[in-house]
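**Q** have a look; sequence and predicted model below, questions after that.
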Amino acid sequence: MVERQLKQQEILDSIREGGQKGFQYLKNKMSTKIRQHVKRNSGSEADADDLFQEAAISLYLNIKEDKFVPQGEGSLEAYFMRICVLQWKNRLRKTKRLGEVELKEFDKSDDSSGMEETLLYDQKMSIMLEYFNKMGSPCREVLEKFYFEKVGLDEIAKEFDWSYGYARKVNYKCKKRLQKQIESDDSFKALL
């Protein structure tokens with residue numbers, strides 16, 4: 001069965017409303033490009049999946065806050081790919097893997113498990129967004145600025161009238177708290 005082509009506005013509306021249809025459509029359409037980019041740049045299949053999830057959160061927040069302004073049909077896909085490329089470059093820089101040779105992970109999946117992968121991804125994404133949306137201030141603002149808007153910790157410190165060290169500490173603790181909440185969720189554990 002051929003999937004119906006969604007118009008850009010339908011995708012935006014779905015994402016803005018927190019629905020999975022828009023993300024699923026983007027994943028189906030963009031996952032090959034994202035995987036190719038990550039694999040060409042020292043990454044694995046698992047890295048590509050993680051990147052998609054992180055970029056999807058970024059996209060969701062940017063759409064919710066009206067930071068994405070469509071420039072024509074297809075601009076959403078280009079915008080999403082740009083988010084992926086920038087986030088992957090930042091991740092490589094942070095983990096100092098840029099230019100290093102990394103052993104490739106053994107990939108047990110094949111094309112026949114695509115639907116299962118998609119469902120699994122949707123469930124993980126839903127849990128992750130749920131916990132992110134529940135975060136209070138200033139954690140949510142700091143994580144959003146640092147990871148999604150790529151604002152430096154020095155700028156975040158100025159904005160909140162903190163020292164650089166304190167901003168770094170808040171960022172680290174908030175990130176760890178979010179990870180711990182997600183990883184301790186029984187329904188998330190069941191997906192692993």
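**A** Cool, the structure landed. Numbers count the residues shown, from 1 in each chain.

**Q** need the contact list for the residue lying closest to Tyr164 once chain neighbours are set aside.
**A** Excluding the flanking residues, the one nearest Tyr164 by Cβ to Cβ, 6 or more residues apart in numbering is Ala157, at 4.8 Å. To be clear about C-beta, it is placed using only N, CA and C from the backbone, and glycine gets the same treatment. Ala157 is in contact with 163-164, 166-167, counting by Cβ atoms under 8 Å, 6 or more residues apart in numbering.

**Q** Ala157 sits in which helix or strand?
**A** Counting by DSSP states H and E, the element that carries Ala157 is helix 153-160.

**Q** what's the first helix or strand after that helix?
**A** Counting by DSSP H and E, what follows helix 153-160 is helix 164-184.

**Q** which helices and strands does that next one pack with?
**A** helix 114-134, helix 139-143, helix 153-160 (3 or more Cβ pairs under 8 Å, 6 or more residues apart in numbering; DSSP states H and E).

**Q** domains of the chain?
**A** Following automatic domain parsing, the chain resolves into domains at 1-98+114-134, 135-192.

**Q** and the residue lying closest to Asn133 once chain neighbours are set aside, what does it touch?
**A** Spatially, and ignoring its direct neighbours in sequence, Asn133 is nearest to Arg140 (8.0 Å; Cβ to Cβ, 6+ apart). Arg140 makes contacts with 132-133, 174, as judged by Cβ under 8 Å, 6+ apart.

**Q** how about the nearest residue to the residue nearest to the spatial centre of the chain, chain neighbours excluded?
**A** What sits nearest the mean C-alpha location of the chain, by Cα atoms, centre = their mean, is Glu54, with 1.3 Å. Spatially, and ignoring its direct neighbours in sequence, Glu54 is nearest to Gln87 (5.7 Å; Cβ to Cβ, 6+ apart).

**Q** Phe188 too?
**A** Nearest to Phe188 is Ile127, by Cβ to Cβ, 6+ apart, at 4.9 Å.

**Q** check Phe68 too.
**A** In space, and not counting its chain neighbours, Phe68 is closest to Asn62: 4.8 Å by Cβ to Cβ, 6+ apart.

**Q** mind listing what the one you found touches?
**A** Counted by Cβ under 8 Å, 6+ apart, Asn62 has contacts 68, 83, 148.

**Q** got the buried residues for the helix or strand where it lies?
**A** Per DSSP H and E, Asn62 falls inside helix 45-64. Going by neighbour count (16 or more other Cβ atoms under 10 Å), the buried part of helix 45-64 is 45, 47-63.

**Q** tell me, how many residues neighbour Ser42?
**A** Ser42 has 17 neighbouring residues, counting by other Cβ atoms under 10 Å.
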